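S.K.: Sequence first, then the predicted structure, then my questions.
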Amino acid sequence: MTEERNDRFEVSPEAASSIAYDVAVVGSGVSGALIAKELSGRGLRVLVIEAGPSHDLTVAEYETSLRRFYGAASKDNNAPYAANANAPMPRSTDTTKLRPGEPNADGYLVQLGPLELDSTYTRVLGGTSRHWEGKALRMLPDDFALRSRFGRAADWPLGYDDLEPYYRRAEFELGVAGEVEEQDFAGLRFAPDYVYPMHGMPRSHLDRVIADDLDGLEVARDGETFALSVRGTPQARNGVPNAAYDGGRGYRPVGAVSLHQAELGERCQGNTNCTPICPVQAKYDARRTLFQALGTGRVDLLTQAVASEVHVDPASGRVTAIDYQAYADPASAEHVTGTVRADVFVLAGNAVENARLMLASGLTGSSGLVGRNLMDHAYLLTWALMPEPVGALRGPLCTSGIEDLRTGAFRRQHAAFRFGIHNDGWGWATGSPYGDLEELVDRRNTFGPALRRALVQQISRQVLMAGMIEVLPDESNRVTVDPRYRDRLGNPRPVVSFGVPPYTLEAAAFARRLSRRLYQRLGAEDHTAYHPAEPGWVSYQGEGYVLRGGNHWAGTHVMGTSPRASVVDADQRSWDHPNLFLAGAGSMASIGTSNTTLTLAALCLRSADTIAKDLETAAAPVTATAGGAGA
Amino acid sequence: MASTDLRAEFLALSAALTGFSVFRLEGTGQTDAYLTTIGDIVGEATVDALVSVHRGLVDATGGDEAELQRGLRRELLSDAKLGPVARNLVKLWYVGTWYELPAAWRDTFGPSLRDRTFVVSPEAYTEGLLWPAVGANPAGAKPFGYGMWAKPPRIDTV
Ligand SMILES: Cc1cc2nc3c(=O)[nH]c(=O)nc-3n(C[C@H](O)[C@H](O)[C@H](O)COP(=O)(O)OP(=O)(O)OC[C@H]3O[C@@H](n4cnc5c(N)ncnc54)[C@H](O)[C@@H]3O)c2cc1C
Ligand code: SF4
């Protein structure tokens, strides 16, 4: 079926190729949308090139995605989104156990291992934010200075205080609900009198029951003692606006994205489905920002256009053009190739796709680091049954977590981590509640009222604590391309190598021991079990663990202070190509224990300032007197 | 459309197997869809056999719940042909998903083209009884409202 365009802001490939834009942005996810909004807001003419269709700018189309999810037998992360062989995306269900020396090329990603990664992303309008969960954690001051504080990895070229104002802007753009008072751990600093745009999500009943028994538990590590406490998790989900925001001016939540009037998205209703699709659009996704950008009238959207090659002038290193393949019908490989020209180019396709596109264009970077230092969080899931029903499967996926082990002197020895407390039961780990139903009906031979009672005992008591463990940059973890593996349009697919060192495994072992202690204290039945046949299984010091992907792809174009040791500078500007910005988590020099999006949003807002300044400087009439220094 | 008798007997059987009342089952609006789904896959004769075993047991046990349960185990759930179908019926009501029958069943009683794991319809998912059974909402639908997750769950005792 040929897709129709929304004439109001969508351009045809012919038109896009004929216009000289100030800025061309590849990707309409959080990174691309924020940059497009900021720059168009300052009068610049922007083109956004998006590989996926323009679906879901209306509530009706959004409903189609929702119904696709309801009707899908596998409710994985990408279940609501139609498969599209012209802009394929990874699905967690493609991940299988690897045999040494045999790549898994069944899905879109070609996985070389050694660790199987079940992380995904989405190539649709709004990008991966469509199915992100919405946790919006700032990184800690220590996370920016791993080398100087702990002798590990590299320091960032900027510090927490440099990024702090941009964190505030990002919390505004994403609409974060949280309480500053709860974030007073590990040296996290906020501006005086700062409050989040919205009050924190109410804690779940489960959180309270857990807090009752766990708060104050002391954990000794490397000479330090950490008193644990259950804290609310800041998240980009509409709640109750905080009247004290912005010096008492308050905050107005942004509702559903729609071309027509729609009364939706005002407040989270507890659908427990933030990943993969929020039915009422209470959760932030990048279509909101994109929609605001389009509203300036200075942003053109070119959808169903896959950026395929970046062209560079060998003399100056400047990017001269980007080629794209425009297809009319997702069901057919038929396409035309076009070219965009602009003064500044931004790649915002996410850490994997940015690296893929650069490498497919033969641009490995003078440091040779494009695609290397691939990072993601390693998740160690632990799960248990609480003594009484606690109401699992209600509310946003997570409302609280345990943050106290996110930094400390122990980071010289092993990675930091946090625990997220899951309101959605064991689903992530075991396939519950479907698996529980199957077990009770098919194997435990329960039926009638006894089945109902057994389901309550088996499901409503569930708690899952997800240990999100830091993985440091390592050059051998990487995205590459290989001409043997291509997608339907002929673009090379990402080839992923990923493994975790003892530094991370030591933290996994510690997190597992700690979780045992937490469950003992809660009187909860620990049902955690890891099997060697599962993807992600690792053995460390005689014990086996299963590590799951964190969906936080990062590091493939790390930022730093020199072209020899990094791909971009602190503004995400390519060292080699001065009018090219590689935007998103790929620029992160390390990922600490924060989900990446708030930080990448802050980085992109910062880059937008730089790009605007660049273009203003270029456009300004020359009035300098003799000998004036360049800006 | 099934005869009124078959439909009523199908509901009565479903109530005994799921632990939800006929009234509650009817409230899902899925009765006809499920009756059709099962009939299409295992054949009308097998559906008739299912409901008639239940009817016979109801008549024979005269309202004795424990005896009825015992009868269902002996004559329905442990029957090589009817047992797997009955278990599938339970899962259908609970999550709206038809599960592909066990391989042994297919080998013995003949495969059906439509016998694969699938969700009967988007509504079948949202109307599943698993969610109310555990005091939850189906993920992505029928939310309880802002902040309701802060309260203890409300679970009907059975
Ligand atoms: C299940 C899940 C849960 C998550 N939960 C959280 C969370 O709770 N908190 C958090 O901080 N982060 C979370 N994340 C991560 C978060 O979603 C990403 O960090 C974020 O969305 C990245 O934004 P981006 O704009 O950089 O990239 P993306 O969102 O991936 O957007 C890239 C865009 O570029 C387009 N594109 C790619 N290649 C091309 C091309 N060649 N040509 C044209 N267009 C192209 C894509 O179609 C897409 O629209 C989660 C991710 C997943 C998968
Ligand atoms: S809990 Fe539900 S309503 Fe709230 S953000 Fe998640 S999916 Fe949306």
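M.R.: All right, it came through fine. Ligands and ions are numbered 1, 2, ... in the order given.
S.K.: Run a quick neighbour tally on the closest residue to chain B within chain A.
M.R.: When Cβ to the nearest Cβ is the measure, chain A has its nearest residue to chain B at A:G395, with 2.8 Å between them. All C-beta atoms are positioned from the backbone trio N, CA, C, and that covers glycine. Number of residues near A:G395 (other Cβ atoms under 10 Å in any protein chain shown) recorded here: 32.
S.K.: so what's the residue nearest to A:P276 when sequence neighbours are not counted scoring on pLDDT?
M.R.: For A:P276, the nearest residue in space outside its immediate sequence neighbours is A:H131; the separation is 3.8 Å by Cβ to Cβ, 6 or more residues apart in numbering or on different chains. Note for A:H131: predicted pLDDT of 86.
S.K.: A:H131 touches A:C278, doesn't it?
M.R.: No - under the contact definition of Cβ atoms under 8 Å, A:H131 does not touch A:C278, with a separation of 9.0 Å.
S.K.: quick one, what contacts A:W132?
M.R.: Under the criterion of Cβ atoms under 8 Å, 6 or more residues apart in numbering or on different chains, the neighbours of A:W132 are A:274-275, A:283, A:285, A:551, A:597.
S.K.: can these go into JSON lines with extra columns for distance to ligand 1?
M.R.: As requested, these are exported to JSON lines (distance: Cβ to the nearest ligand atom, whole Å):
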{"residue": "A:C274", "distance to ligand 1": "8"}
{"residue": "A:T275", "distance to ligand 1": "5"}
{"residue": "A:K283", "distance to ligand 1": "9"}
{"residue": "A:D285", "distance to ligand 1": "9"}
{"residue": "A:N551", "distance to ligand 1": "3"}
{"residue": "A:T597", "distance to ligand 1": "3"}
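S.K.: which one of the residues you listed is nearest A:I421?
M.R.: For the contacts of A:W132, the residue nearest A:I421 by Cβ to Cβ is A:C274; the value is 14.7 Å.
S.K.: Which pLDDT value does the model give residue 36?
M.R.: By default, I'm working from chain A. 98.
S.K.: sorry, should have said chain B
M.R.: Reading off the per-residue confidence, B:T36 sits at a pLDDT of 97.
S.K.: in a helix, that's where it is, yeah?
M.R.: Yes - using DSSP: H, G, I helix; E, B strand; the rest coil, the secondary structure at B:T36 is a helix.
S.K.: what about it, neighbour count?
M.R.: The number of residues packed around B:T36, counting by other Cβ under 10 Å, is 14.
S.K.: With the one 5 residues further on instead?
M.R.: Using other Cβ under 10 Å, B:I41 has 20 neighbouring residues.
S.K.: mind listing what it touches?
M.R.: By Cβ under 8 Å, 6+ apart, B:I41 lies in contact with B:98, B:101, B:112, B:114-115.
S.K.: Quick check: it vs A:Y545, distance?
M.R.: With the distance defined as Cβ to Cβ, to the nearest Å, B:I41 ends up 41 Å from A:Y545.
S.K.: Tell me which residues of the longest helix anywhere in chain B come out buried.
M.R.: Ordering each helix of chain B by length in residues (DSSP state H) puts helix B:44-61 first. Residues of helix B:44-61 classed as buried: B:47, B:49-51, B:53-54, B:57-58, B:61 (neighbour count, 16 or more other Cβ atoms under 10 Å in any protein chain shown).
S.K.: Just name whatever secondary elements that helix is in contact with.
M.R.: Helix B:44-61 makes packing contacts with helix B:4-18, helix B:31-42, helix B:65-71, helix B:82-95 when contacts are defined by 3 or more Cβ pairs under 8 Å, 6 or more residues apart in numbering or on different chains; DSSP states H and E.
S.K.: Any idea how far the lengthiest helix in chain A is from the middle of the chain?
M.R.: Secondary structure assigned by DSSP H gives helix A:597-619 as the longest helix of chain A. Its chain's C-alpha centre lies 20 Å from the corresponding centre of helix A:597-619 when counted by Cα atoms, centre = their mean, to the nearest Å.
S.K.: and it, what other elements does it pack with?
M.R.: Based on contacts counted as 3+ Cβ pairs under 8 Å, 6+ apart, the elements that helix A:597-619 packs against are strand A:20-26, helix A:30-41, helix A:160-174, strand A:335-347, strand A:580-582.
S.K.: Report the contact partners of residue 141.
M.R.: Just so you know, I chose chain A. Taking Cβ under 8 Å, 6+ apart as the contact definition, A:P141 lies against A:159-161, A:187-189.
S.K.: Switch to chain B, please.
M.R.: Neighbour list for B:A141: A:70, A:271, A:273, A:279, B:125-126 [criterion: Cβ under 8 Å, 6+ apart].
S.K.: try 7 Å
M.R.: Under the criterion of Cβ atoms under 7 Å, 6 or more residues apart in numbering or on different chains, the neighbours of B:A141 are A:271, A:279, B:126.
S.K.: and if you look at A:G395?
M.R.: With contacts taken as Cβ under 7 Å, 6+ apart, A:G395 has the following neighbours: A:204, A:270, A:272, A:423, B:149.
S.K.: Stretch A:400-417 near chain B at all?
M.R.: No - counting by Cβ under 7 Å from any Cβ of the partner chain, chain B has no neighbours in stretch A:400-417; the shortest distance is 11.2 Å.
S.K.: Which secondary structure element is home to B:N137?
M.R.: Of the helices and strands defined by DSSP states H and E, none includes B:N137.
S.K.: what do you get for the one 4 residues further on?
M.R.: Counting by DSSP H and E, there is no helix or strand that carries B:A141.
S.K.: how far is the helix or strand of chain A with the lowest mean pLDDT from where the chain is centred?
M.R.: Among the secondary structure pieces of chain A, namely its helices and strands, helix A:59-70 has the lowest mean (mean pLDDT, DSSP states H and E), a mean of 80. Shown here is helix A:59-70, whose average C-alpha point lies 22 Å from the average C-alpha point of the whole chain (Cα atoms, centre = their mean).
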